[in-house]
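1. Next come a sequence and a model predicted from it.
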Amino acid sequence: MENLEKLNQLAKELGPGGHAEGGDSAAAARLDQWLKTLLERGGSDLLLVEGAPPCIRVQGEVRKIGPGSLDGPEIEAAVLPALSRHALRLYKETLIADSSYRIEGIGRFRINLHRERGHAAVAIRALPTSVPKLEELHLPPSVANLAHLPRGLVLIGGPAGSGKSTTLSALIQEINTREARHIVTIEDPIEYEHKHLRSVLEQVEIGTDAPDFPTALRAALRQAPDVIVVGEMRDAETMRIAVVAAETGHLVLSTLHTTDVASTVARITDSFPVERQNAIRQELAMALSAVLTQILLPTKDGKRMPAAELLMIGYGARHHIRRNNLQYLHQEIPLSKKRGSFTLEESLVTLIRNGDIEKEDAQLCAIHPDDLNILLQSSAAHG
């Protein structure tokens, strides 16, 4: 690492709060200015990459916000002072680190510092200042059913940047607003800062409040929670504890990087050694209550809107999971419509009919294109 000496020095300068005191103030000021520009232009992400100018993402499109190009040492000089103590240590050891960052009076951000082609690079996500309401997300109304479940495991799948964390936070807010429960969230880092409304809500940040997800999740089980939220299930041990928690009467909500219902379930079981997978399938079949997957599509007015798929788990779905017949889970969605299930294609047709998205965009992202065409024909026939 070309900036190792600076990194070691910065580690020594870390104060009690976990972030660097001092450091290269001019370089750190550049980062703050880039982030202010990001917010002023309504962007979602700041991207700093060797050989390119600073860029931001606005409504899915990457735009340059400065001339010239950056190099690795410049990027590290700007970003290292913003990292927490835990993230700085991880970056030194693994060359990858996530951290939250706050600019007082401006906003909060999630930093991912990593390496590409031997040089430092960073992606910084702007975190909203207020927790969204579920009805503001334009998801199908039955998604609200997930906040009414008394127990079980709820998985939210989707590619990176598909709004999974936003949906998760909106569900937490729905529970927090309506019910007097004890909610514990485990996040890396904390994205939305919740207030205590009807519920008592604890937010645990990995690296600041706990060393890792499994440790935090085990501790949460001893804190008498009603609802446990795991920001992302990244490893088999976290998944195992989450399944056990759901089996023992807790409502557990989490996210995964997946594309549909079947791949979401498969992601859990495939994370375990082959000799453990059958046992995990049996446990998961009992613990799982619902699987929601979503994507974001460009709208006609240049914004983005989610399309989603929801399977409320019933007897048939549990049977398919036990037997590892995950290819049949899609067939269970129409059979559980009364409980709120819907397909991605149904969600897409609603967006087309409402004039929100183009038919061509829907066809590109449909998992079952034939189903989409049948639904479109039926919709046209009925006016």
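-> That came through fine. Keep in mind the model is a prediction, meaning the values are calculated, not measured.

2. list the contacts for Ser69?
-> Residues in contact with Ser69 (C-beta atoms under 8 Å, 6 or more residues apart in numbering) are 50-53. For the C-beta atoms, the positions are set from N, CA and C on the backbone; glycine is no exception.

3. give me the element the most centrally placed residue in the chain is part of.
-> Note on the chain: the residue nearest the mean C-alpha position is Ser165, at 3.6 Å, using C-alpha atoms, centre = their mean. Element membership for Ser165, per DSSP states H and E: helix 164-178.

4. Surely Thr166 and Val131 touch.
-> No: in this structure, Thr166 is not within contact of Val131 by C-beta atoms under 8 Å, at 9.2 Å.

5. shared neighbours, these two?
-> Tyr192.

6. The two: which has the busier surroundings?
-> Thr166 (22 against 19; other C-beta atoms under 10 Å).

7. that older thread, can I get the contacts of Ser69 in a markdown table with neighbour count?
-> Converted to a markdown table, the contacts of Ser69 look like this (neighbours: other C-beta atoms under 10 Å):
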| residue | neighbour count |
| --- | --- |
| Glu50 | 18 |
| Gly51 | 11 |
| Ala52 | 15 |
| Pro53 | 14 |
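
8. Just give the number of residues close to Leu88.
-> 25.

9. wait, His119
-> Counted with other C-beta under 10 Å, His119 comes out at 17.

10. Can you give me every residue that contacts it?
-> With C-beta under 8 Å, 6+ apart, His119 has these contacts: 50, 71-72, 75.

11. Repeat the analysis, applying 10 Å as the threshold.
-> 1-2, 49-51, 70-73, 75-76 (C-beta atoms under 10 Å, 6 or more residues apart in numbering).

12. Leaving out sequence neighbours, find the closest residue to the residue nearest to the centre of the chain.
-> In this structure, Ser165 finds its nearest non-sequential neighbour in Glu191, 5.3 Å apart by C-beta to C-beta, 6 or more residues apart in numbering.

13. Please state the offset of the strand or helix carrying His319 from the chain centre?
-> Secondary structure from DSSP H and E places His319 in helix 315-322. Distance, stretch centre to chain centre, for helix 315-322: 26 Å (C-alpha atoms, centre = their mean, to the nearest Å).

14. List the buried residues of it.
-> 317-318, 320-321 (16 or more other C-beta atoms under 10 Å).

15. same deal with stretch 357-367?
-> 357, 361-362, 365-367.

16. With stretch 234-241 instead?
-> Going by neighbour count (16+ other C-beta under 10 Å), the buried part of stretch 234-241 is 234, 236-241.

17. Would you mind giving those as JSON lines with secondary structure added?
-> Formatted as JSON lines, the buried residues of stretch 234-241 follow (DSSP: H, G, I helix; E, B strand; the rest coil):
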{"residue": "Arg234", "secondary structure": "coil"}
{"residue": "Ala236", "secondary structure": "helix"}
{"residue": "Glu237", "secondary structure": "helix"}
{"residue": "Thr238", "secondary structure": "helix"}
{"residue": "Met239", "secondary structure": "helix"}
{"residue": "Arg240", "secondary structure": "helix"}
{"residue": "Ile241", "secondary structure": "helix"}
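
18. Just give the number of residues close to Ile65.
-> There are 18 residues near Ile65, going by other C-beta under 10 Å.

19. follow-up on the earlier one: the residue nearest to Ser165: how many residues sit nearby?
-> Applying other C-beta under 10 Å, we find 21 residues neighbouring Glu191.

20. how much space is there between it and Asp270?
-> Distance from Glu191 to Asp270, counting by C-beta to C-beta, to the nearest Å: 27 Å.

21. cool, Ser254 as well?
-> Counting by C-beta to C-beta, the gap from Ser254 to Asp270 is 16 Å.

22. higher neighbour count, these two?
-> Shown here are Ser254 and Asp270; by other C-beta under 10 Å, Ser254 has more neighbours (26 against 12).

23. which stretch of helix or strand covers the more buried one?
-> With DSSP H and E as the test, Ser254 turns up in strand 251-256.

24. hang on, the earlier thing: quick check: angle from the helix holding Ser165 to strand 251-256?
-> Calculated by axes from the mean of the first three to the mean of the last three C-alpha atoms, to 10 degrees, helix 164-178 forms an angle of 160 degrees with strand 251-256.
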